[in-house]
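Peer 1: below are the sequence and a predicted model; questions follow.
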Amino acid sequence: MISPKEERVLARGLKPPGPLLLVKKKLMTIESDHIRVIVSFSEAVDELVRFFEERGAEVEIDMAGDDYHVLADLRNFKDAD
């Protein structure tokens, strides 16, 4: 998933629910259809994937070094919160 305008959330080193809280805050102001969340822990990946998929977003996971990149396509995202 490649987007010229991709929002990024750097959540390295944060254990759940830290990354998800940052994502929820970012979603209030986001203008892009794509978001990339960079996290350090697989538990954070699981939580983010569940959050996005339950709300209709398509999700991909990549690795870059020791970091996980959770990429979400928000075009079908419906936030219930």
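Peer 2: Structure's in. What do you need? Predicted model, so just to flag it, every value in this text is computed and none were measured.
Peer 1: send me stretch 8-24 as PDB with only the CA atoms.
Peer 2: Provided in PDB are the C-alpha atoms of stretch 8-24 (Å, rounded to 0.1, in the frame of the first residue of the first chain):
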ATOM      1  CA  ARG A   8       2.600   8.500  10.400                       C
ATOM      2  CA  VAL A   9       2.500   7.700  14.000                       C
ATOM      3  CA  LEU A  10       5.800   7.000  15.700                       C
ATOM      4  CA  ALA A  11       5.000   4.800  18.700                       C
ATOM      5  CA  ARG A  12       8.400   3.000  19.100                       C
ATOM      6  CA  GLY A  13       9.000   1.700  22.600                       C
ATOM      7  CA  LEU A  14       5.400   2.100  23.800                       C
ATOM      8  CA  LYS A  15       3.600  -1.000  25.100                       C
ATOM      9  CA  PRO A  16      -0.100  -1.400  24.600                       C
ATOM     10  CA  PRO A  17      -2.300   0.600  24.900                       C
ATOM     11  CA  GLY A  18       0.100   3.400  24.200                       C
ATOM     12  CA  PRO A  19       0.200   3.100  20.400                       C
ATOM     13  CA  LEU A  20      -3.500   2.700  20.100                       C
ATOM     14  CA  LEU A  21      -4.100   5.800  22.200                       C
ATOM     15  CA  LEU A  22      -1.800   7.800  19.900                       C
ATOM     16  CA  VAL A  23      -3.600   6.400  16.800                       C
ATOM     17  CA  LYS A  24      -7.000   7.400  18.200                       C
END
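Peer 1: element containing the most centrally placed residue in the chain?
Peer 2: Centroid check for the chain by CA atoms, centre = their mean gives residue 37 as the closest residue, at 4.1 Å. Using DSSP states H and E, residue 37 sits in strand 34-39.
Peer 1: where are the low-confidence patches of this structure?
Peer 2: Counting by pLDDT under 70, the chain shows low-confidence ranges at 1-4, 81.
Peer 1: residue boundaries of the helices in it?
Peer 2: 18-27, 42-54 (DSSP state H).
Peer 1: got the angle between the last one and strand 34-39?
Peer 2: When you say that, I think you mean helix 42-54. 160 degrees (axes from the mean of the first three to the mean of the last three CA atoms, to 10 degrees).
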